[in-house]
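J.: Structure, please.
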Amino acid sequence: EYKGLVKHTGGCHCGAVRFEVWASAELHVFNCNCSICTKKQNRHFIVPASRFKLLKGADNLTTYTFNTHRAQHTFCKTCGVQSFYTPRSNPDGYGIAPHCLDDGTVQAIVTEDINGKEWEKAVKEHKTIRDMSKP
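T.: Predicted coordinates:
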């Protein structure tokens with residue numbers, strides 16, 4: 001267990017992919033306007049890899065990359081839902097889709113817009129985004 005955090009569980013639509021993640025009950029979610037996040041409506045919060053555990057479905061995941069190939073956009077081969085991915089800003093952590101969490105553990109969501117169309121500038125100006133995946 002992690003002090004001050006709650007265990008959230010979630011997964012894809014068909015249930016082939018399931019995970020657990022330790023995070024605050026009050027989530028800080030990023031709303032990015034880069035090309036892929038816009039098309040997928042990819043809103044996410046970031047956690048260190050140590051606070052994420054894939055419970056099932058590793059063999060049912062596939063990955064899409066583009067541009068720098070740093071971001072690993074993983075999604076279920078069956079239903080196509082991306083419930084988590086490895087963000088370019090935090091390649092040592094995970095971006096978790098809050099809408100893929102099971103009901104009952106999220107108390108509030110605060111959303112922050114990120115200008116992903118100007119990714120390098122946005123990440124440079126953001127005070128904490130690169131450290132969000134640090135344990």
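J.: who's in contact with C14?
T.: C14 makes contact with C76, T78, C79, V81 under the criterion CB atoms under 8 Å, 6 or more residues apart in numbering. In short, each C-beta sits where N, CA and C put it, glycine included.
J.: how about a cut-off of 6 Å?
T.: Neighbouring residues of C14 by CB atoms under 6 Å, 6 or more residues apart in numbering: T78, C79.
J.: Helices along this protein, start to end?
T.: Counting by DSSP state H, the chain has these helices, from start to end: 35-40, 119-125.
J.: highest average neighbour count across the ones you listed?
T.: helix 35-40 (a mean of 14; mean count of other CB atoms under 10 Å).
J.: Pick out the residue closest to the middle of this protein.
T.: Residue closest to the average C-alpha location in the chain (CA atoms, centre = their mean): G95, at 1.7 Å.
J.: ok, the closest residue to that residue other than its chain neighbours - contacts?
T.: The shortest distance from G95 to any non-neighbouring residue, by CB to CB, 6 or more residues apart in numbering, is to H44 (3.7 Å). With contacts defined as CB under 6 Å, 6+ apart, the neighbours of H44 are F30, G95, I96, A97.
J.: Tell me where this structure has strands.
T.: Assignment of strands within the chain using DSSP state E yields the ranges 6-11, 18-23, 26-32, 43-48, 52-56, 61-64, 73-76, 84-85, 93-96, 108-114.
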